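1. here's my sequence, what's the structure:
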Amino acid sequence: MMMMMMILWCYCFSDDEEEEDLMSERAFLVSSLNFVGVLAEQIAGILTEQIAVSYSQLGLPSQFRRCLGRQIACVLAEQIAGVLAEEIVGVLAEQVVSSLNSE
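-> Coordinates of the predicted model:
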């Protein structure tokens, strides 16, 4: 994951600004990475709410439902959103490498 992020970072922010096409690709990748971050945050928030609601419907005492449900929801949502973000970044990194190899 870190290697993919470094490839994307170097590609997006290198000093080679001679070609407009290259700049356009970089701008697209930067906006894609920003989109991935926003999407992951939104997914984590939605999952947190859904899991918390599910736990609130269990027959647990109310103090456990609120605390336990929210904690479990946050952990699961962050993990799912993180995996999704890693997959999207991986696909973007593969596209960058493919693009660099074709030039």
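2. list the contacts for the residue nearest to Ile88 when sequence neighbours are not counted?
-> Across the structure, with Cβ to Cβ, 6 or more residues apart in numbering as the measure, the residue nearest Ile88 apart from its sequence neighbours is Val36 (4.7 Å). The C-beta positions use only the backbone N, C-alpha and C, and glycine is treated the same way. Residues in contact with Val36 (Cβ atoms under 8 Å, 6 or more residues apart in numbering) are Ala85, Ile88, Val89, Leu92.
3. now Val36: how far from Ala52?
-> Shown here: Val36 relative to Ala52, a distance of 24 Å by Cβ to Cβ, to the nearest Å.
4. then Val83?
-> In this structure, Val83 lies at 20 Å from Ala52, with Cβ to Cβ as the measure.
5. and Ser98, by the same measure?
-> When distances are taken as Cβ to Cβ, Ser98 and Ala52 turn out to be 41 Å apart.
6. repeat for Leu39
-> Taking Cβ to Cβ as the measure, Leu39 falls 20 Å from Ala52.
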